[in-house]
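Asks: model the structure of this input:
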Amino acid sequence: MDDKKRTLMMEIEDAIQDLNNLPLGSEEYSKAVKDLQVLNEMKNDNAKVRIESNMKDLDLKERRKDRWIRVAVEVGGTTITLIFYAYWMKQGFKFEEAGTFTSTTFRGLIQKFKPTRI
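Replies: A predicted model of the protein is given here:
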């Protein structure tokens, strides 16, 4: 792509040099100006294509980053929830280890702890 861009830029420079050697108002001068306009439009089109390509690449990278952040938040939320459940279950089993006392809270605790999406 750089070779094409360089070649196009050299063509434009050559056209400008040729334009300086032509008499003003002549038919050759008008034709050279039109040719120069076409070359300039080609250069602008190439720049637009390059910019659009860069924007698509940037958008793809941002979406990929967002996806990883979303996955990390999901995994973190699930892990924290499971750690919380494990802690309270351990505390409840420790409390009811002797079997002398049973709490109504721990008895219904297993039914209340159901991992769900928020």
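Asks: just the pLDDT for E52.
Replies: In this model, E52 is scored at 89, pLDDT.
Asks: now the helices for the protein?
Replies: 2-21, 27-95, 104-107, 109-112 (DSSP state H).
Asks: now do the contacts for the closest residue to M42 other than its chain neighbours.
Replies: Once flanking residues are discounted, M42 sits nearest to L8: 6.2 Å by Cβ to Cβ, 6 or more residues apart in numbering. C-betas here are computed from N, CA, C, even on glycine. If you count contacts by Cβ atoms under 8 Å, 6 or more residues apart in numbering, L8 has them with L39, M42, K43, N46.
Asks: could I get the residues you listed as TSV with pLDDT?
Replies: Listed next are these as TSV, based on pLDDT from 0 to 100:
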residue	pLDDT
L39	87
M42	87
K43	85
N46	86
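Asks: and those, which of them are buried?
Replies: Neighbour-count burial (16 or more other Cβ atoms under 10 Å) applied to the contacts of L8 gives L39.
Asks: which one of the contacts of L8 is nearest K61?
Replies: N46 (22.9 Å; Cβ to Cβ).
Asks: for N40, see how far away that closest one is.
Replies: From N46 across to N40, the span is 11 Å (Cβ to Cβ, to the nearest Å).
Asks: need the overlap of contacts for the two.
Replies: If you check N46 and N40 against Cβ under 8 Å, 6+ apart, no residue is contacted by both.
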